[in-house]
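Novice: got a sequence here, can you build the structure:
(chains A and B)
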Amino acid sequence: MMDLQLPAWATWVMLAGLAVFLAMMILFIRRNHGMKRSLFASPYALWMAIFTILPCILIGYYALTDASGKFTLDNFRHFWDSNYAKNQLYATMGEAAAPFIKRGTVNVDTLIYSLWMAFLCTVICLVIGYPAALFMADRQMKLGATLVVLFIIPMWMNFLLRTIAWMSLLEDQGLINRVLRFLGFEGVQLMYNSGAVLLGMVYNFLPFMVFPIYNSLNKMDPKLHEAAQDLGCNNWKTLYKVTMPLSLPGVISGITMVFMPSVTTFFLPRILGGGNTMMFGDLIESKFLTEGNWNVGSALSLIMMILIMISLGILRKADPEGEGGSMI
Amino acid sequence: MKKFLSLVLLVMLLIPAFAQAEGTVTVFNWQDYIDESVIEDFEKETGIKVNYVRFTTNEDMMVQVDANPGHFDLCFPSEYIVERMISQDMLSEINYDHIPNAKYILENLQNSTYDPGNAHSVPYMWGTVGILYNTKLVSDPVDSWGILWNPKYMKNVFMLDSYRDSMGVSLKSLGYSMNSENILELEMAKEKLLEQKRIGTLKAYQVDETKDKMVSGEAALAVMWSGDALYAMDLNEDLAYAVPNEGSNVWVDCMVIPKNAKNKENAEKFIDFLCRPDIAQRNCEYIWYSSPNSGAIALMGEDYISNPAINPSEETLARCEFFRDIKEPYRSIYVTLFEEVKSAK
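Specialist: Reported below is the predicted structural model:
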């Protein structure tokens, strides 16, 4: 069993961190809005402190210590070389074990694979989502409002159920293959591969791309279109010169909201990829639950968090007014 | 109001005292792992009140037992957990004078490797790990683990997403022990699993989904526990189950009495009751796992005895082994190697 006991000093450090955070929060609110309003924010500040700040501190603590609570950087070496612990053991076993000592690339490869999948998912969502948002926001299209509702309805259902429903569509004995075979075609294997995982990701995250873009397009003044056309722009040029630049904050927000959950996807690969296509989220889960190694699991989580923060920073550069990124 | 409150508090203080008084036994069993009418019959026959609590994983059960010393009188862990509990001094020895029906326990389960002489544990149910296959899709005889690597069955093999079971199958197919702590053997077992991916017979690593997918004919072959295999075979008559000749894993769920149990004698009475042939038969027919009880097997008749899935032959069993509790650092070697297999693209 995992021993969850923290040394007393760690508890005090955490409590002190919490106190400093709360004090800063209150000071910040006071300076900006006056004392009375700050009281309204305190439940949220407390919530943040307990369920966001404290877990982050804990992740940092576990990532930088070993099982006995001593400071170490081994967990990060473990990220670079997934065979780190194994290699150290083999090194003590003499010549027989020597040929098996080599760097394990499981963690790094899985991270690269996750980033690549998230990138693909974001691009596909953007390519499908932008025209859909344009269509929905077009006031001359009567169907636009219906489409908005159609996009929202599946979100009423639980993410898990939707994914399992995809499984019964894509299986070799699933609906799609049965229809194909009924029509005289050969069945195809749609599941148990990266393609199926990507499909599941696009399906689940597409609304997060469409709605921010739809919002920014909807806010746009229709007179801008008229002005552009008065000045001699044709429809394509209006789209390219006016609509697109003005919808950029929505696009950036959409990219952020799709990319982040995509990188951290887990469970989907297990259901649709048949456990053949492990992503970084699955790896972190297995470190915590199968292996019971909270320290390495925390180090992997920390690396993931830092990567997300870096990508957020880059996006913020592209959208200095913070219209998109501020949603997160 | 104050008086009322203190009365309530007093009553609340007394409830646990009553509950722990003589004439009760607290049983901690797996979810859905007993014919519940058996509990009522035990209460009627002995007058002992049964406090029946359920758990879903071995690890969860261990945490509960650890956190509430003396609370549980009888638990049902799997064999490698029995070994871990013994090594952590969590179990008390069983007094077999109180369990005359223990004589019905099958001989091959009586002297186990996980608990020498069964001093701390009495087998409750057991089963094997084997291959569940679809007779319409598989023409070759299923008698060796090697069939899982046969290129005839491209993308047609489900493996178990569990490092012990999958590494175990690979080790067995190479002729090694499923409990190997030899790094050369372990590295070879990993290579063998990677080879399965390269050949392309592997369809998926999964656990819970497999039995229903096998019923719908999704794959030709699957590594499966005998209990789940029987469930699937009942729903699709094309399915069959075999334990390969190289041998496999035999698992046993046991009855154990934790240290400091308050009602040890009642727990032993309960064990004795469950070992009575007619009661063991009822439980076995409810759960569909193999019974360790020779008396119950005699009662269940030819159908049960001739079904190789429930009742493997002695030769097969002789080649099977129990899981031992793999200790660190070997446990993490198993995990690291299996992770490498699963993440290989």
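
Novice: all contacts plus neighbour counts: C-alpha atoms, from now on.
Specialist: Will do.

Novice: isn't A:Ala63 right up against A:Leu302?
Specialist: Yes - contact criterion C-alpha atoms under 8 Å: A:Ala63 and A:Leu302 qualify, at 7.3 Å.

Novice: which of these two has more neighbours?
Specialist: Shown here are A:Ala63 and A:Leu302; by other C-alpha atoms under 10 Å in any protein chain shown, A:Ala63 has more neighbours (25 against 18).

Novice: spit out the contact partners of the residue nearest to the more buried one when sequence neighbours are not counted.
Specialist: Leaving aside its sequence neighbours, A:Ala63 sits nearest to A:Ala299 (C-alpha to C-alpha, 6 or more residues apart in numbering or on different chains; 4.3 Å). Counting by C-alpha atoms under 8 Å, 6 or more residues apart in numbering or on different chains, A:Ala299 touches A:59-60, A:62-64, A:75-76, A:79.

Novice: and the helix or strand hosting A:Met304, what's buried?
Specialist: If you go by DSSP states H and E, A:Met304 is part of helix A:294-318. Neighbour counts using 16 or more other C-alpha atoms under 10 Å in any protein chain shown place A:294-302, A:304, A:308, A:312, A:315-316 of helix A:294-318 among the buried residues.

Novice: quick one: that helix to chain centroid distance?
Specialist: Distance of helix A:294-318 from the chain centroid (C-alpha atoms, centre = their mean, to the nearest Å) equals 10 Å.

Novice: next, count neighbours for B:Ser162.
Specialist: A count of nearby residues for B:Ser162, using other C-alpha under 10 Å, gives 15.

Novice: using PDB, list the CA coordinates for the biggest strand by length in chain B.
Specialist: In chain B, with assignment by DSSP state E, the single longest strand is strand B:121-134. Output of strand B:121-134 as PDB, limited to C-alpha atoms (Å, rounded to 0.1, in the frame of the first residue of the first chain):
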ATOM      1  CA  SER B 121      -6.700 -19.900   4.600                       C
ATOM      2  CA  VAL B 122      -9.400 -22.300   3.300                       C
ATOM      3  CA  PRO B 123     -10.100 -22.300  -0.500                       C
ATOM      4  CA  TYR B 124     -13.600 -21.000  -1.400                       C
ATOM      5  CA  MET B 125     -13.600 -21.000  -5.200                       C
ATOM      6  CA  TRP B 126     -11.000 -21.500  -7.800                       C
ATOM      7  CA  GLY B 127     -10.400 -21.400 -11.600                       C
ATOM      8  CA  THR B 128      -7.900 -21.200 -14.300                       C
ATOM      9  CA  VAL B 129      -6.600 -18.800 -17.000                       C
ATOM     10  CA  GLY B 130      -7.000 -20.200 -20.500                       C
ATOM     11  CA  ILE B 131      -8.100 -19.500 -24.100                       C
ATOM     12  CA  LEU B 132     -11.700 -18.800 -25.000                       C
ATOM     13  CA  TYR B 133     -12.100 -19.400 -28.700                       C
ATOM     14  CA  ASN B 134     -14.800 -19.300 -31.300                       C
END
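
Novice: name the nearest of the contacts of A:Ala299 relative to A:Leu206.
Specialist: A:Ile59 (30.3 Å; C-alpha to C-alpha).

Novice: tell me the contacts of that closest one?
Specialist: A:298-299, A:301-302 are the contacts of A:Ile59 under C-alpha under 8 Å, 6+ apart.

Novice: how far is the helix or strand containing it from where the chain is centred?
Specialist: Following DSSP H and E, one finds A:Ile59 within helix A:54-63. Relative to the chain's own centre, helix A:54-63 is displaced by 19 Å; criterion: C-alpha atoms, centre = their mean.

Novice: same thing with stretch A:64-72?
Specialist: Distance of stretch A:64-72 from the chain centroid (C-alpha atoms, centre = their mean) equals 28 Å.

Novice: quick one on the thing from earlier: same list, the contacts of A:Ala299, but as a markdown table with distance to B:Ser170 please.
Specialist: A markdown table is the format used below for those (distance: C-alpha to C-alpha, whole Å):
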| residue | distance to B:Ser170 |
| --- | --- |
| A:Ile59 | 36 |
| A:Gly60 | 38 |
| A:Tyr62 | 34 |
| A:Ala63 | 33 |
| A:Leu64 | 36 |
| A:Asn75 | 29 |
| A:Phe76 | 31 |
| A:Phe79 | 27 |
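
Novice: in CSV, list those residues along with pLDDT.
Specialist: Output for the contacts of A:Ala299, formatted as CSV (pLDDT from 0 to 100):
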residue, pLDDT
A:Ile59, 94
A:Gly60, 94
A:Tyr62, 95
A:Ala63, 95
A:Leu64, 95
A:Asn75, 94
A:Phe76, 95
A:Phe79, 94
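
Novice: return the member of those residues nearest to B:Lys269.
Specialist: Lowest distance from B:Lys269 to the contacts of A:Ala299 (C-alpha to C-alpha) belongs to A:Tyr62, with 46.6 Å.

Novice: burial of the closest one, as a residue count?
Specialist: So A:Tyr62, with other C-alpha under 10 Å, has 25 neighbours.

Novice: B:Tyr114 now?
Specialist: Residue crowding around B:Tyr114 was assessed by other C-alpha under 10 Å; the count is 19.
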